[in-house]
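Peer 1: Quick one: sequence plus predicted model below, questions after.
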Amino acid sequence: MNKGITVTTLQKNWTTESGYTFSSVDIAWKSWGTLNEKRDNVILICHALTGHAAADEWFGGLFDQDGILDPEEHFILCVNVPGSCYGSTGPTSINPNTGNPWQADFPPITIRDIVTFHQLLLDEWHIQGIELVLGGSMGGMTALEFALMDDRVRSAALFVMGKAHSPWAIGISEAQRMAIRADRKWKHGYYDTQDPPIKGIEAARAMAMITYRTPENYEEKFSRRVHPDKQIYQVESYLHYQGKKLADRFDANTYIILSQAMDSHDVSRDRGTFKEVLGNLKIPVLVVGFDSDQLYPIHEQRELADLLPNSTLAELSSPYGHDAFLIEFEQLNAQLKPFFHSLKKSHSS
């Protein structure tokens with residue numbers, strides 16, 4: 001998968017929170033625009049669970065002429081997370097100790113590990129400032145941890161997530177992992193890479209697609225209509241299609257590793273109370289939630305915004321549920337533009 005993505009190999013140590021040290025890592029990334037002389041005009045985009053570094057493909061509405069992302073002014077960067085199957089070091093990479101793909105031997109990672117992995121590349125390039133870090137879902141979790149862990153970050157925009165992964169979200173993720181593990185080709189995380197456990201991934205994706213939308217959206221989109229060719233309900237056909245589509249492009253171990261990384265999201269872990277940790281984050285933060293999101297309900301964004309001393313909360317309306325952050329670009333730009341422009345005014349004054 002090219003998509004304009006570059007893979008950089010760094011001969012640097014990277015140690016995960018679980019204690020494993022990589023002596024070399026592959027980091028897949030894509031950028032738009034040019035670094036300025038001060039190397040501080042960076043906008044960092046963090047991707048979601050099944051995303052990749054080609055953010056212009058899934059965040060396209062933020063890149064168009066009405067979007068907030070302007071390559072003429074900023075160096076826009078998206079880095080593929082570790083544990084992924086899209087170029088960065090992950091379970092499909094070769095384990096130097098065995099000469100075979102890591103598969104289930106790949107060490108567990110956390111959202112904080114994702115941040116330190118990004119920092120390897122940022123430090124290699126001597127980045128001095130990040131004007132804005134933004135992302136939704138897992139990307140929002142990463143962006144929040146980035147703001148807490150890296151003093152180069154000047155502002156953050158966090159979409160559809162909260163201060164920690166809730167038991168509801170963890171339970172949904174575990175049900176999806178159980179579906180993958182139930183595949184007959186799944187042997188404790190090891191399988192023939194030429195014959196992967198695609199049925200398990202298809203089932204996991206079908207579960208996810210239900211949580212990404214809403215009952216009202218499904219009623220409007222499908223109702224009880226039957227597919228004319230397959231003689232099954234159209235909603236069934238849709239879920240089969242979405243499951244196969246992901247299975248064709250995604251790795252089973254990656255799904256498990258990254259969904260577990262999302263479960264690790266808890267900004268208070270080993271730091272203190274949520275009030276203490278988030279109360280110390282003084283940079284401007286835009287928090288965005290959608291009223292129909294059932295995976296990360298809007299009360300999570302309200303709570304997060306209340307805990308951040310310099311936050312702006314945008315409660316938006318959409319019929320698309322959790323997926324709204326990948327669809328409602330007009331609404332997102334309408335919130336991002338005044339937020340970002342006010343930052344530039346304050347920096348210039």
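Peer 2: In hand now; what should we look at? Residues are numbered from 1 along each chain as shown.
Peer 1: Tell me how far G67 lies from R269.
Peer 2: Distance, G67 to R269, by Cβ to Cβ, to the nearest Å: 34 Å. Where you see a C-beta, it was placed from the backbone N, CA and C, and this is true even at glycine.
Peer 1: and what of Q176?
Peer 2: As defined by Cβ to Cβ, Q176 lies at a distance of 23 Å from R269.
Peer 1: pretty sure E131 is in a strand, no?
Peer 2: Yes. E131 forms part of a strand when assessed by DSSP: H, G, I helix; E, B strand; the rest coil.
Peer 1: Next one: R271 from P297, what distance?
Peer 2: Taking Cβ to Cβ as the criterion, R271 is separated from P297 by 24 Å.
Peer 1: higher neighbour count, these two?
Peer 2: Neighbour count, other Cβ atoms under 10 Å: between R271 and P297, P297 has more, with 19 against 13.
Peer 1: Model confidence for D229, exactly?
Peer 2: In this model, D229 is scored at 84, pLDDT.
Peer 1: dump the residue contacts of it.
Peer 2: For D229, the set of contacting residues under the criterion of Cβ atoms under 8 Å, 6 or more residues apart in numbering is empty.
Peer 1: if you average pLDDT over the helix or strand hosting N217, what comes out?
Peer 2: Applying DSSP states H and E as the criterion places N217 in helix 215-221. Rounded to a whole number, the mean pLDDT of helix 215-221 is 96.
Peer 1: what's it packed up against?
Peer 2: In this structure, helix 215-221 makes packing contacts with helix 234-247, judged by 3 or more Cβ pairs under 8 Å, 6 or more residues apart in numbering; DSSP states H and E.
Peer 1: how far is the helix it packs on from where the chain is centred?
Peer 2: Taking Cα atoms, centre = their mean, to the nearest Å, the mean C-alpha location of helix 234-247 is offset from the chain mean by 22 Å.
Peer 1: From the contact counts, what lies against that helix?
Peer 2: Using 3+ Cβ pairs under 8 Å, 6+ apart as the contact test, the elements touching helix 234-247 are helix 198-212, helix 215-221.
Peer 1: So Q176 and R269 - more neighbours on which side?
Peer 2: Here Q176 and R269 are compared on neighbour count by other Cβ under 10 Å; more neighbours surround Q176, at 22 against 14.
Peer 1: Can I take it that the more buried one is in a strand?
Peer 2: No. Assignment of Q176 by three-state DSSP gives helix, placing it outside any strand.
Peer 1: list the contacts for the closest residue to it other than its chain neighbours?
Peer 2: When the adjacent residues along the chain are set aside, Q176 lies closest to A204, with 3.8 Å between them (Cβ to Cβ, 6 or more residues apart in numbering). Contacts for A204 (Cβ under 8 Å, 6+ apart) come out as Q176, R177, A179, I180, G243, Y255.
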